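# Mind looking at a prediction? Sequence and model below.
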Amino acid sequence: MVINLLLIAGPLVAILLALAGWQWMVQSLLPSRVREAEKWLESDDRRSMRLLSSVLALDKRNLEALWLTAQMQAKRKQYVLARMLLFDILQHGEFNAHVTERMVRQRLASIYELLGEHEKAMYQYYLLRERGDLDPEGLRHLVRLQLDRGNLDEAARVLAQAAEGGIRDGELLYLEARVLFERREFRKAETRLSQAGDLHYHSHERDLLLGKIYFINGRFAQALAQFQRLPDSDFESRELESMLGQCFFNLEDYDGAVATLEGLLQKFEAGTAAHSEVAFVLGSAWENKGDVKRAVGYWDQVGPHSRYSPAAREKKRFYTQVIQEAGLQRFLASPFVQFRMVTERLLECLGFTLKQRLYEDERNLEFFCVNQDLYDSFDTHLVIVTRHTAAVTPDFLNEKLKRLQAHRGKSLCLVAPNIPDATRAFSQSHHIRLYDFGVFAQFGLIRME
């Protein structure tokens, strides 16, 4: 009987010992291997992979080992293998505090993004969102995916619901600014970017978007400051290079404009809208640098259907038909200080005495003057000298007449390089004194050769 009991108990003891060994392996050996694999994950991924493979060979459903192996395969850019491992975890349906379903689904979504399968990525994010388990990072990814696909309304809806739920940080405010920018609500977009900065969200994409808003609103100095904060790699963008060159041009840094735009022009196909825009600005920069020949060469490259075509044709006509003398062309592009000094000498030659400077910029000067022979009178005359090459229109003169009347002035006098016949007729009927730019040469104020 004792022998029978031993024969029966022997296998049972063996089974119990095996179970105890398995339990020890599951509770102690395998977790220690996983922890060691995690420790070597960054510095020696081969060693880490051997440890994880040994764990999965013994327990193919080991949650932590599957998770770390998926992370390692993603790091190695083996995205298909990583995706299969994450699917295994979801299929098993077992999670813990260290590896949650949210972590697995958001990692799966990020891999779908890397593979370009954006619909599948958004499905994972929306699934978590419906369960109320989507964290701010996942929310930001979801909004970016919608924005990249041009789904502004859906991106705005997700952001609004996030704000209602109390989820609001600097990056989400930046993403809201992107929505507003695409809707051309630039003032609101600028406000959101400012709020994002207040929440310590600072990034190159925020600097770029803020620079674009400043550029669109004509705040070129602020736009340039934003663009110059960007890394060199961002300037591979043709759009950014174009805006940078135009900032230099509008800030009257014509050397900077030429240096930026001449290289950019070669990157665009001739005849395209972008090529025509850059060619026109380049021509205008060379015009202001005093090289009319180069300017005309660039204006010749403006396509016939470009929105810049009429202005380019007018500039070419002006320099080839209206102002052909080299001396006048140089004076049109002379430094502002010289332009103002010579203009004030012209006032004396025309019989005026300067009473007050009303306005000045790089291309225009406006004065209130009195006649020299009637200096003691109270009659004032509005004298305008412009070196804009665009044709002076009757509407322009009409606005100046209104200003003259508002100041109770007696007469209007205009000196301009481009006065068409219609404007001359208008001036004659309204008793406006007109002078072509050749008047500077008539009084010997500039050299014509």
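Done, it's in. Numbering: from 1, shown residues only.
# Would you map the helices across the stretch 301-449 of the chain?
309-317, 326-332, 336-349, 394-406, 421-429, 438-442 (DSSP state H, counting those that start in this stretch).
# mean pLDDT for those: which is lowest?
Comparing mean pLDDT across those, the weakest is helix 326-332, with a mean of 79.
# quick revisit: if you compare the helices of the stretch 301-449 of the chain, which one is most tucked away?
Stretch with highest mean neighbour count among the helices of the stretch 301-449 of the chain: helix 326-332 (a mean of 18; mean count of other CB atoms under 10 Å). C-beta here means a position set from N, CA and C on the backbone, and glycine is covered the same way.
# Render the CA-only coordinates of that one in PDB, please.
C-alpha atoms of helix 326-332 as PDB (Å, rounded to 0.1, in the frame of the first residue of the first chain):
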ATOM      1  CA  ALA A 326      20.600 107.900 -67.800                       C
ATOM      2  CA  GLY A 327      20.900 111.000 -65.500                       C
ATOM      3  CA  LEU A 328      17.200 111.000 -64.800                       C
ATOM      4  CA  GLN A 329      17.200 107.200 -64.300                       C
ATOM      5  CA  ARG A 330      20.000 107.500 -61.700                       C
ATOM      6  CA  PHE A 331      18.200 110.300 -59.900                       C
ATOM      7  CA  LEU A 332      15.000 108.200 -59.600                       C
END
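# Show me what the helix or strand hosting residue 119 is packed up against.
Element membership for residue 119 (DSSP states H and E) is helix 118-130. When contacts are defined as 3 or more CB pairs under 8 Å, 6 or more residues apart in numbering; DSSP states H and E, helix 118-130 packs onto helix 101-114, helix 136-148.
# Flag every buried residue along that helix.
121-122, 124-125, 128-129 (16 or more other CB atoms under 10 Å).
# Could you check the angle that helix makes with helix 101-114?
Angle between the axes of helix 118-130 and helix 101-114 is 160 degrees (criterion: axes from the mean of the first three to the mean of the last three CA atoms, to 10 degrees).
# per-residue pLDDT, residue 54?
78.
# who touches it in this structure?
residue 33 (CB atoms under 8 Å, 6 or more residues apart in numbering).
# how much space between it and residue 47?
Distance of residue 54 to residue 47, computed by CB to CB, to the nearest Å: 11 Å.
# Sketch out the strands for this protein, chain order is fine.
352-360, 364-371, 381-386, 411-416, 433-436 (DSSP state E).
# can you put these in a markdown table and add mean pLDDT, distance to residue 296 and mean neighbour count?
Listed next are those as a markdown table, based on pLDDT from 0 to 100; distance: least, CB to CB, whole Å; neighbours: other CB atoms under 10 Å:
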| stretch | mean pLDDT | distance to residue 296 | mean neighbour count |
| --- | --- | --- | --- |
| strand 352-360 | 91 | 28 | 14 |
| strand 364-371 | 92 | 23 | 19 |
| strand 381-386 | 94 | 21 | 23 |
| strand 411-416 | 93 | 20 | 20 |
| strand 433-436 | 92 | 21 | 16 |
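# Can you name the residues in contact with stretch 91-100?
61, 63-64, 67, 89, 101, 104.
# How about stretch 205-218?
For stretch 205-218, the surrounding residues in contact (CB under 8 Å, 6+ apart) are 174, 177-178, 181, 186, 189-190, 193, 196-197, 220, 222-227, 229-230, 234, 240, 243, 246-247, 250.
# pLDDT weak spots in the stretch 101-250 of the chain?
Residue ranges of the stretch 101-250 of the chain with pLDDT under 70: 235.
# quick one on the thing from earlier: just send the helices of the stretch 301-449 of the chain back as a markdown table, with distance to residue 259 too.
Below are these laid out as a markdown table (distance: least, CB to CB, whole Å):
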| stretch | distance to residue 259 |
| --- | --- |
| helix 309-317 | 22 |
| helix 326-332 | 22 |
| helix 336-349 | 21 |
| helix 394-406 | 34 |
| helix 421-429 | 37 |
| helix 438-442 | 32 |
